[in-house]
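Below is the sequence, then the predicted model.
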Number of protein chains: 2
Amino acid sequence: MRMRADAQRNRARVLEAAETVLARDGLSASMREIAELAGVGVGTIYRQFPTKEVLYQAIVVDRMRRLAERADELATAADPGDAFFEYFTTIVEDSTVKKVLVDALVAAGIDAKAGAPDIKGSIEGLLVRAQEAGAVRGDVGMEELLALLSATCLAAQHNNWNADLRTRTLSVVFDGLRPAATPTTTTTDPSVHKASARNPQTAG
Amino acid sequence: MRMRADAQRNRARVLEAAETVLARDGLSASMREIAELAGVGVGTIYRQFPTKEVLYQAIVVDRMRRLAERADELATAADPGDAFFEYFTTIVEDSTVKKVLVDALVAAGIDAKAGAPDIKGSIEGLLVRAQEAGAVRGDVGMEELLALLSATCLAAQHNNWNADLRTRTLSVVFDGLRPAATPTTTTTDPSVHKASARNPQTAG
DNA sequence: CTAGAATCGGAATTAGTGTTCCGCTTGAAC
DNA sequence: GTTCAAGCGGAACACTAATTCCGATTCTAG
């Protein structure tokens, strides 16, 4: 059975407002604020989403889906090393602004969460390819990778990293992720760090 | 003028209980719970600490002081590299259990906080010595270091890292912090990571 | 245009927090 | 032992936020 037209419109408004507010305030955002921004009463939200948590879920799952999609796209990139590090950077960049993402990414240990697409699998794809290409140490597992990803996202958001600090910090982490000898790269000068050579203009 | 004996006893109890509860729950811990654990009424807490924040401050400042002391101790260690990495590890270890520490470490951007000792200066001492000894890349600044420290503490606590994951994750970060060629160390085998060689039995 | 059900808005309810208040208790000075 | 101010406990208050409820409104089938 189809929804009434106004109900559909309101549902969309609520989702949009929730996305905005949750991005800014994370799980501590209030329903009232979302309702106000959406231009509806709180009751209207509850008609569509039985609890605050379900509303969050809806938004987080959507974000996760997009993230997983992005990972799958990058999985076919020409340079698996670049793809891997770009993906890592993108997520950390996002998390400065998207508080929910971080809360969610971390809160539930990234996986679990009913209905969430298999983002872990998608990321693992990137990792394995990057390792096969020799761009990432072979002895780094998914656990460490997710731990590092959580860590940087959490800090980036919590301390509001600026672009410069983000670049410098990730540069250290990325160097740690690379094989000790960086055998495949053409540069033999150890003072050249890939991470700092990345050009942010390619975003989107 | 001296405090009444029972007041002194209660103050100590409150501090101890607060330390415990805050360690577990961070800033979201409730005064009621602290009072209960301490075996006193909430009013008793407020007699000694005018607000929740002052109570937190007292505990955080104390922790910071101990942390700074530890850093100063390690600053005279024989091997500045070991000292630096050991210190980093210790703090991350602690933060799995001590939620306040992390909240505080991160919330205020580590410095500021009235009355807190100059922990930033102490840490910088360790960093500089480690860099002079060639154990840490010279181009790593305090900002990145604190960012990495925040990041790992935050994640360690939030995701409840176990000892194994902590070791493996820090191993990656530490490798990123070392100079590319690791020139000074006697070991030439790159698969040997100092971090994983640490023996946890020396705690306390 | 009208009926009537779906939907709405936002006041009321519920629950949890930090903080204040005040009658009762207790340490310690004499 | 007496005295009494310092100190105590925890009920009461003020506030905030999630959730419920219901009279008023709005869609849509006919």
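That came through fine. Residues are numbered from 1 along each chain as shown, chains lettered A, B, ... in the order given.

which regions of chain A lie under the pLDDT threshold?
A:100-117, A:181-204 (pLDDT under 70).

in it, which spans are helices?
Assigned by DSSP state H, chain A shows helices spanning A:5-25, A:31-38, A:42-48, A:52-74, A:80-97, A:99-107, A:119-132, A:142-158, A:163-177, A:194-197.

a markdown table for those helices, including mean neighbour count and distance to DNA strand C?
C-beta coordinates here come from the backbone N, C-alpha and C atoms, glycine included. Formatted as a markdown table, the helices of chain A follow (neighbours: other C-beta atoms under 10 Å in any protein chain shown; distance: least, C-beta to the nearest atom of the strand, whole Å):
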| stretch | mean neighbour count | distance to DNA strand C |
| --- | --- | --- |
| helix A:5-25 | 16 | 3 |
| helix A:31-38 | 18 | 7 |
| helix A:42-48 | 16 | 2 |
| helix A:52-74 | 17 | 13 |
| helix A:80-97 | 21 | 27 |
| helix A:99-107 | 22 | 19 |
| helix A:119-132 | 20 | 32 |
| helix A:142-158 | 24 | 20 |
| helix A:163-177 | 21 | 32 |
| helix A:194-197 | 15 | 41 |
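
Distance to B:N159 for these - can I get that in CSV?
CSV is the format used below for these (distance: least, C-beta to C-beta, whole Å):
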stretch, distance to B:N159
helix A:5-25, 21
helix A:31-38, 28
helix A:42-48, 30
helix A:52-74, 17
helix A:80-97, 15
helix A:99-107, 6
helix A:119-132, 14
helix A:142-158, 6
helix A:163-177, 16
helix A:194-197, 24
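
between these, which one is nearest to B:L149?
Nearest of the helices of chain A to B:L149, taken as C-beta to C-beta: helix A:142-158 at 8.8 Å.

What parts of chain A come near DNA strand D?
A:4-6, A:29-32, A:42-43, A:46, A:50-53 (C-beta under 7 Å from any atom of the strand).

Same list (the residues you listed) but as CSV, adding distance to chain B.
Formatted as CSV, these follow (distance: C-beta to the nearest C-beta, whole Å):
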residue, distance to chain B
A:R4, 40
A:A5, 42
A:D6, 39
A:A29, 16
A:S30, 16
A:M31, 19
A:R32, 20
A:V42, 24
A:G43, 28
A:Y46, 25
A:P50, 25
A:T51, 20
A:K52, 17
A:E53, 17
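
which one of those residues is nearest B:A180?
A:A29 (43.9 Å).

distance of that closest one from DNA strand C?
Distance from A:A29 to DNA strand C, counting by C-beta to the nearest atom of the strand, to the nearest Å: 17 Å.

Ok, A:G141 next?
For A:G141 relative to DNA strand C (C-beta to the nearest atom of the strand), the value is 38 Å.

Which phi and psi values does that residue adopt?
Dihedral angles of A:G141 (phi, psi; degrees, to the nearest 10) stand at phi -100, psi 170.

out of everything not next to it in sequence, what's closest to it?
With C-beta to C-beta, 6 or more residues apart in numbering or on different chains as the criterion, A:G141 has its nearest non-adjacent residue at 7.3 Å, and that residue is B:R168.

So that neighbour is in contact with A:L146, correct?
No: judged on C-beta atoms under 8 Å, B:R168 makes no contact with A:L146 at a distance of 11.6 Å.

outside of stretch A:8-28, which residues touch it?
Identification of contacts with stretch A:8-28 by C-beta atoms under 8 Å, 6 or more residues apart in numbering or on different chains yields A:3, A:29, A:33-35, A:37-40, A:44-45, A:48-49, A:55-56, A:58-59, A:97-103, A:107.

Now do the same contact list for the nearest residue to A:R32 once chain neighbours are set aside.
Nearest non-adjacent residue to A:R32, counting by C-beta to C-beta, 6+ apart: A:V42, 6.1 Å away. Neighbouring residues of A:V42 by C-beta under 8 Å, 6+ apart: A:M31, A:R32, A:A35.

hmm, back to that, any idea how far A:E143 is from the residue nearest to A:G141?
7 Å (C-beta to C-beta, to the nearest Å).

Same check on A:D94?
For A:D94, the distance to A:E143 - C-beta to C-beta - is 22 Å.

got it, and A:L165?
For A:L165, the distance to A:E143 - C-beta to C-beta - is 26 Å.

so A:T96 makes contact with A:A156?
Yes: counting by C-beta under 8 Å, A:T96 does reach A:A156; the two are 5.0 Å apart.
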